[in-house]
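*Asks:* predicted model and sequence below, questions to follow.
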Amino acid sequence: MLPAWIMIEPPVQPAGVTLVSVHSSPNDQMLWALDSRWNVHVRAGITEEMPVGIAWEHVPGLQACQLALSTRTVWARCPNGDLARRYGVTDKNPAGDYWKKIPGNVTCFTVTSSDELWAVGPPGYLLQRLTRTFSHSHGAPSSHATPPHPEDLEDEWEVI
């Protein structure tokens, strides 16, 4: 098929409320949007067979003025500069389960496809969020695997 534009109806909104930004994940599996009242919306039903999805869903829990998507995570900046991450986002649950705020206050941010978070914080410092990912296997524990210490799981920012 030749490439073509396909019209997708915006989320049902009160009069005067419009979409102001649309955000796609690098792998085109997630589509999120913000409206003029800082409400967050996600496009549900995106599949290989239906790449435009089937409906918009409102994502409750916070208002956001900026979104950034990696291949598996959604990040939001609130109007006061707080940052939050959406947990539980899957193909079957595109809206996820809950938002969790992370420490720090930023003026803008971005995320790489592999979840490396970069931000500009007051008064203009470039910040990178340091994270560690621990995998959990259901098999027998490996002899060289050590459990993480609680301090290893804290969210940290490094000033660049």
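*Replies:* Now that the structure is in, tell me what you want to look at. Numbers count the residues shown, from 1 in each chain.
*Asks:* and the residue most central in space within the chain, how far from R85?
*Replies:* Nearest residue to the geometric centre of the chain (CA atoms, centre = their mean): V74, 0.7 Å. As defined by CB to CB, to the nearest Å, V74 lies at a distance of 7 Å from R85. For the C-beta atoms, the positions are set from N, CA and C on the backbone; glycine is no exception.
*Asks:* show me what the longest strand along the chain pairs with in its sheet, parallel or antiparallel.
*Replies:* When the chain is parsed with DSSP state E, its longest strand is strand 98-105. Here strand 98-105 is paired, per DSSP bridges, with strand 82-87 (antiparallel).
*Asks:* list the buried ones in the strand it pairs with?
*Replies:* 82-86 (16 or more other CB atoms under 10 Å).
*Asks:* kindly report the same for stretch 103-113.
*Replies:* Neighbour-count burial for stretch 103-113, with 16+ other CB under 10 Å as criterion, is recorded at 104, 106, 109, 111.
*Asks:* how long is it from one end to the other?
*Replies:* With CA to CA, to the nearest Å applied, stretch 103-113 spans 21 Å between its terminal residues.
*Asks:* mean confidence (pLDDT) on that stretch, please.
*Replies:* Averaged across stretch 103-113, pLDDT comes to 93.
*Asks:* what do you get for stretch 3-18?
*Replies:* The model assigns stretch 3-18 a mean pLDDT of 88.
*Asks:* now do D91 against K100, distance only.
*Replies:* 21 Å.
*Asks:* ok, Q66 next?
*Replies:* For Q66, the distance to K100 - CB to CB - is 17 Å.
*Asks:* those two: who's more crowded?
*Replies:* Q66 (19 against 12; other CB atoms under 10 Å).
*Asks:* for the nearest residue to the more buried one once chain neighbours are set aside, which residues make a bridge with it?
*Replies:* Distances taken as CB to CB, 6 or more residues apart in numbering place R77 nearest to Q66, at 4.1 Å, with adjacent residues excluded. According to DSSP bridges, the residues that bridge with R77 are Q66, L83.
*Asks:* circling back: for whichever helix or strand comes after the longest strand of the chain, what is the distance to the chain centroid?
*Replies:* Remark: after strand 98-105, the chain's next helix or strand is strand 108-111, criterion DSSP states H and E. Computed by CA atoms, centre = their mean, to the nearest Å, the chain-centroid distance of strand 108-111 equals 10 Å.
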